[in-house]
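Participant: my questions concern the predicted model and sequence given below.
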Amino acid sequence: MEIRDLPATPLFLGLTEEDIRAALAALDTRRRPFVKDELLLQAGQRVTHLGLILAGQVHIEHLDVWGSTTLLGQAGEGDLFAETYACLPGEPLLVNVTAACDGEVLFLAAGRLLDPGTERWRQQMARNLLQIAARKNLGLARRNLYTAPKTIRGRVTAYFSALAVQQGSLRFTLPFDRQQLADFLGVDRSALSSTLSRMQHEGLLELGRRTVELHTEPEEL
């Protein structure tokens, strides 16, 4: 695989081109194209390779026995998925990984990365992987804050407030469309739309297709 084909990714942070070539040669890399709605990994499956998105985007979803889907997150170009399970290959996946659009993924053997070794690339990538996992754990903890409120308005308020802090502005772009946002917050889409409409009517926020602007004080109607 050519180095120029790789997207910017935290996994290779601090590595030289020579380091990356050595890593790719050692980690049993496998390129796989995918198409929209393709199931890349399925709940119950045991994996040994983590996925690095070369192009496109995937959704991390939980599907219960009654067929209801909850969107837990998404991974885009340069992001990883299934790294925790790949580091614990005996643990069955509890989620599905589904292609949100056409793209390509590079699978890398996590076990080989974590094997004892003195190579500079191995030590640096292990540190990078630990930081990536820590950030994702923080993201899961944040999601618990978003879904803790019992009301839809409470969940919307918690999530939008967090996005405003993260993006440093009361005006920000949502990472999800309306259905994905409903899935992410664990609420019904029509009920979410009604709640957002009421909040906009009350002057608490202004909605675009994917943009939100919060008002700290309700506008006069």
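Facilitator: Yep, it's here. Just so we're clear, the structure is a prediction, and the values are computed from it rather than from any experiment.

Participant: what segments of the chain are helices?
Facilitator: 17-26, 83-87, 110-114, 120-147, 152-167, 178-185, 189-201 (DSSP state H).

Participant: buried ones in the longest one?
Facilitator: Put plainly, it is helix 120-147. Residues of helix 120-147 classed as buried by neighbour count (16 or more other CB atoms under 10 Å): W121, R122, Q124, M125, N128, L129, I132, K136, R143, Y146, T147. Where C-beta positions appear, they are placed from N, C-alpha and C, glycine not excepted.

Participant: list phi and psi for E38.
Facilitator: Main-chain torsions, E38, degrees, to the nearest 10: phi -70, psi 140.

Participant: shouldn't T48 be in contact with L108?
Facilitator: No. Using CB atoms under 8 Å, T48 is not in contact with L108; the gap is 9.9 Å.

Participant: centre of the chain to stretch 146-159, how far?
Facilitator: The chain centroid and the centroid of stretch 146-159 are separated by 20 Å, computed with CA atoms, centre = their mean, to the nearest Å.

Participant: ditto for stretch 176-189
Facilitator: Here stretch 176-189 is found 15 Å from its chain centre; the criterion is CA atoms, centre = their mean.

Participant: more neighbours, T48 and L108?
Facilitator: L108 (23 against 16; other CB atoms under 10 Å).

Participant: my read: the more buried one touches L54, true?
Facilitator: No. The pair L108 / L54 is not scored as a contact, 11.6 Å apart, by CB under 8 Å.

Participant: pLDDT score assigned to S161?
Facilitator: Note for S161: predicted pLDDT of 92.

Participant: spit out the contact partners of L24.
Facilitator: M1, L108 (CB atoms under 8 Å, 6 or more residues apart in numbering).

Participant: partner strands of the helix-or-strand element of the chain with minimal mean pLDDT, with direction?
Facilitator: Lowest by mean pLDDT, DSSP states H and E among the helices and strands of the chain is strand 69-76, with a mean of 86. Strand 69-76 has its sheet partners listed here by DSSP bridges as strand 57-63 (antiparallel).

Participant: quick check: the closest residue in space to A148 that isn't next to it in sequence vs A134, distance?
Facilitator: Residue nearest to A148 in three dimensions, not counting chain neighbours: A158, with 7.4 Å by CB to CB, 6 or more residues apart in numbering. Applying CB to CB, to the nearest Å, the value for A158 to A134 is 22 Å.
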